[in-house]
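**Student:** sequence and predicted model, in that order:
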Amino acid sequence: MDQTTDLDNAVSLEWIRAIPKAELHIHLLGAIRPRTALELARRHRVEFPVDSLEFWAPFFCTGNLAQFVERFILLFPLLREKEDFERVGREVFEDLHADGIRSVEPRITLTSHLLRGVSEEAIGEGLAAAACYAHETLGMKVRWIVDFPRILGLQVGRLALEAAIRGIPWGVAGFDIAGYEGPGEDDPAYCAIFARAREAGLHLTAHAGETGPPEHIRIAINEWGVERIGHGIQASRDSDLAEELASRKIPLEICPTSNIALGAVPDIYSHPLETFRQQSLRITINSDDPSLFGTTLSREYLIAAAAFGWDRETVLKIIEEGWLAAFPPHDLYKQSEC
Ligand SMILES: [Zn+2]
């Protein structure tokens with residue numbers, strides 16, 4: 001075998017980092033620098049169960065989504081003022097930029113801040129300032145996605161939607177439902193929420209089929225009308241659904257390390273990512289909560305490439321899928337106002 005060709009085609013972390021990438025599935029607080037989180041906890045006198053960097057990622061890699069969500073929500077009280085939102089946003093964008101990311105759609109759970117008394121102005125102004133820094137200084141595109149945790153119910157979903165619509169001028173472009181998938185997914189009231197989001201010009205995605213049954217993915221694409229699916233890995237249990245996702249070209253936002261860390265799959269070799277690729281599903285690779293799982297987007301590509309023997313051409317094709325599946329900005333968003 002020609003060794004020169006082999007080396008030329010090697011997929012390394014440095015090679016992946018150097019390629020401009022789009023990150024479609026990342027939670028802002030899941031990307032917070034651990035040192036910043038601990039500092040904010042001290043400053044705002046918030047009791048946080050982790051007080052040392054060494055225990056940061058192990059605290060969040062629970063092997064269980066429901067328990068992870070309980071721990072994730074402890075991050076919300078760390079941000080109180082406009083400056084906190086701006087600082088966390090700027091630092092996250094700097095870290096993503098260093099990893100070669102040039103377009104990002106961070107998820108933000110507005111209601112989890114608003115319902116504990118943080119003003120909408122503080123959040124909007126802080127995040128808009130961080131996004132302007134990303135645009136102007138780092139040359140990155142930022143489109144915010146507002147999500148709401150399904151365990152908090154429809155009332156919070158409606159509040160999240162109204163806040164998302166009010167956030168369009170500062171850069172909200174998408175709407176999402178997140179968290180542990182319990183029963184009640186078929187409640188028609190969810191359809192009304194997503195329909196109103198679509199009418200407002202927001203792009204739609206939904207965490208579905210992360211640990212919940214394939215039926216949740218069907219509901220999201222057929223009843224809620226979402227354009228992408230967050231995770232969607234349980235489609236591997238339903239060949240008709242996998243075929244439908246492939247024929248309708250619906251992108252899946254796959255987050256390999258997250259799925260392993262939260263017990264959706266036992267290891268990367270058991271992940272349906274490669275099967276999906278061979279079935280011609282549109283797969284994109286994302287990091288979900290890179291700080292909490294101790295990963296980066298480039299590392300996610302590397303892990304999958306190493307496990308499934310992907311060459312550079314295959315990796316480049318999946319990176320391209322990420323760019324093609326990215327949401328455009330809302331018509332009413334004026335980046336020129338930065
Ligand atoms: Zn997620």
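**Tutor:** Everything's here; your move.
**Student:** can you list contacts of the stretch of helix or strand residue 156 belongs to?
**Tutor:** Per DSSP states H and E, residue 156 falls inside helix 153-166. Contacts to helix 153-166, defined as CB atoms under 8 Å, 6 or more residues apart in numbering, come from residues 109-111, 114-115, 120, 124, 146-150, 172, 175, 177, 187, 189-190, 193, 196-197, 200, 202. The C-beta positions use only the backbone N, C-alpha and C, and glycine is treated the same way.
**Student:** do stretch 303-317 as well
**Tutor:** Residues outside stretch 303-317 that contact it (CB under 8 Å, 6+ apart) are 9-11, 15-16, 19, 256-257, 268-269, 271, 273-274, 277, 285, 301.
**Student:** what residues sit buried inside that stretch?
**Tutor:** 303-305, 307-308, 310, 312, 314-315 (16 or more other CB atoms under 10 Å).
**Student:** closest to residue 66 among the residues you listed?
**Tutor:** Using CB to CB, residue 303 comes nearest to residue 66 of those, at 24.6 Å.
**Student:** now for residue 145: which residues touch it?
**Tutor:** Listed by CB under 8 Å, 6+ apart, the contact set of residue 145 reads 105-108, 172-176, 203, 205, 327.
**Student:** now tabulate the buried residues of stretch 303-317 in a markdown table and tack on pLDDT.
**Tutor:** Output for these, formatted as a markdown table (pLDDT from 0 to 100):
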| residue | pLDDT |
| --- | --- |
| 303 | 98 |
| 304 | 98 |
| 305 | 98 |
| 307 | 98 |
| 308 | 98 |
| 310 | 97 |
| 312 | 97 |
| 314 | 98 |
| 315 | 98 |
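**Student:** in strands, which of the contacts of residue 145 fall?
**Tutor:** Secondary structure from DSSP state E places 105-108, 172-176, 203, 205 of the contacts of residue 145 in strands.
**Student:** tell me which of those residues is nearest to residue 80?
**Tutor:** residue 108 (14.9 Å).
**Student:** so the closest one sits right up against residue 26, yeah?
**Tutor:** No - contact criterion CB atoms under 8 Å: residue 108 and residue 26 do not qualify, at 10.5 Å.
**Student:** whichever of the contacts of stretch 303-317 end up buried, select them in PyMOL.
**Tutor:** Of the contacts of stretch 303-317, the buried ones can be selected in PyMOL as follows, counting by 16+ other CB under 10 Å:
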select buried, resi 11+15+16+256+257+268+271+273+274+277+285+301
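**Student:** any idea how far residue 196 is from residue 224?
**Tutor:** 11 Å (CB to CB, to the nearest Å).
**Student:** more neighbours: the two, which one.
**Tutor:** A count of neighbours by other CB atoms under 10 Å puts residue 224 above the other of residue 196 and residue 224, at 22 against 15.
**Student:** which parts of stretch 168-179 are buried?
**Tutor:** Quick answer for stretch 168-179 (16+ other CB under 10 Å): 168, 170-179.
**Student:** cool, and stretch 90-110?
**Tutor:** Residues 90-97, 99-110 are the ones in stretch 90-110 that count as buried (16+ other CB under 10 Å).
**Student:** what about these, which are in helices?
**Tutor:** 90-97, 110 (DSSP state H).
**Student:** make CSV out of those residues and add distance to residue 217 and pLDDT.
**Tutor:** Formatted as CSV, these follow (distance: CB to CB, whole Å; pLDDT from 0 to 100):
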residue, distance to residue 217, pLDDT
90, 35, 98
91, 34, 98
92, 28, 98
93, 31, 98
94, 34, 98
95, 31, 98
96, 28, 98
97, 32, 98
110, 25, 98
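**Student:** between all of the residues you listed, which two are separated the most?
**Tutor:** Taking CB to CB, no two of these sit farther apart than 97 and 110, at 24.3 Å.
**Student:** out of the contacts of helix 153-166, which are buried?
**Tutor:** Counted by 16+ other CB under 10 Å, the contacts of helix 153-166 give 109-111, 114, 124, 146-150, 172, 175, 177, 190, 193, 197, 200, 202 as buried.
**Student:** in the stretch 1-150 of the chain, which segments are predicted with low confidence?
**Tutor:** The model of the stretch 1-150 of the chain has pLDDT under 70 over residues 1-7.
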